[in-house]
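Asker: Compute the structure for the input listed below.
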Amino acid sequence: MIEGLEYASSSMEEEIEGVLGEIGVPAQVRRPAARRISQRAVKPFVRQAHSAGQKKGKNGVMTAAAFRSDITSKGYFEMKKSELPPEIVKGLANRALQVVDANIYGIKAIEGKSVIDLLTSSDDKATGRSNLNGAKLDLNEHFLVTAVCLDFGTFPDGGAATDSDFVGDLPAKIKNGEFELKVGAESLLPENLSCEIFNNESSDGGKPHIFKLDHPKWIKPQMEIKPRLTMTKAGSALEAVKLTLIGCKVHKK
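Answerer: Numbers count the residues shown, from 1 in each chain. Predicted coordinates for the structure are as follows:
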């Protein structure tokens with residue numbers, strides 16, 4: 001078994017067995033049914049890791065690094081589902097709730113600022129500006145952050161930050177700056193984290209400037225999300241930045 005997946009499978013099996021009990025499945029069939037379901041859920045990750053065929057650990061054991069980049073947000077969700085409140089897990093089991101791919105974003109003009117709060121409590125949900133009200137998830141929404149994207153762009157004279165074209169490279173004042181992400185009082189990404197984490201290009205021609213988390217984190221409902229960018233010097237006129245938190249969330253059907 002790949003390091004890390006054995007624990008994930010065991011944890012998932014216990015959670016599934018508990019949910020089966022809550023919905024009235026007889027005790028004598030709960031354990032084998034839970035084992036079959038958890039093994040089916042983990043099997044795709046095992047195949048991905050072995051097909052990668054590299055980064056073996058001690059004694060030839062395949063390590064998490066060999067397959068981590070291939071795990072989808074949904075895969076991470078399955079591994080961390082046991083951390084959700086019981087009523088949410090039950091809602092997923094009886095299909096009143098579902099898991100959907102999702103993102104959280106905010107766009108800010110940076111003229112004259114070196115410290116930018118990328119989501120704020122005064123934000124209103126508006127297309128092209130942010131998809132949250134007050135930098136908080138709606139009631140009963142739980143969001144699993146698996147990656148963070150930071151983009152830099154410019155907008156035309158007379159326009160607004162929402163008119164920006166976010167296709168350029170990150171300038172030195174951002175690359176050499178720092179980033180942090182808090183939710184309430186908890187740090188999801190600690191302060192003083194170099195923005196060099198966003199200075200990358202996609203190996204498959206996809207979106208650049210994405211930092212994939214090795215340890216995805218939950219954002220709970222009604223907790224203020226506080227991402228902050230600190231640049232080495234203030235932004236100029238007609239410049240903007242865009243933050244996107246990538247992952248999946250629990251959503252009503």
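Asker: who's in contact with Asn176?
Answerer: Contacts for Asn176 (CB atoms under 8 Å, 6 or more residues apart in numbering) come out as Ser194, Cys195, Glu196, Thr232. For every residue, glycine as well, the C-beta is placed using N, CA and C.
Asker: now with 7 Å?
Answerer: Residues in contact with Asn176 (CB atoms under 7 Å, 6 or more residues apart in numbering) are Thr232.
Asker: which SS class is the residue nearest to the spatial centre of the chain?
Answerer: Geometric centre of the chain, nearest residue: Val145, 1.8 Å, by CA atoms, centre = their mean. Recorded secondary structure, Val145: strand (DSSP: H, G, I helix; E, B strand; the rest coil).
Asker: for the residue of the chain most remote from its centre, what are its contacts?
Answerer: What lies farthest from the middle of the chain is Gln28; by CA atoms, centre = their mean that is 37.6 Å. By CB under 7 Å, 6+ apart, no residues touch Gln28.
Asker: Do a quick rundown of the helices in the stretch 1-150 of the chain.
Answerer: 5-22, 27-52, 73-80, 86-93 (DSSP state H, counting those that start in this stretch).
Asker: Please spell out which residues along the third one are buried.
Answerer: Neighbour counts using 16 or more other CB atoms under 10 Å place Ser73, Gly75, Tyr76, Phe77, Glu78, Met79, Lys80 of helix 73-80 among the buried residues.
Asker: before we move on, what about stretch 111-126?
Answerer: For stretch 111-126, by 16+ other CB under 10 Å, it's Lys113, Ile116, Asp117, Leu118, Leu119, Thr120, Asp123.
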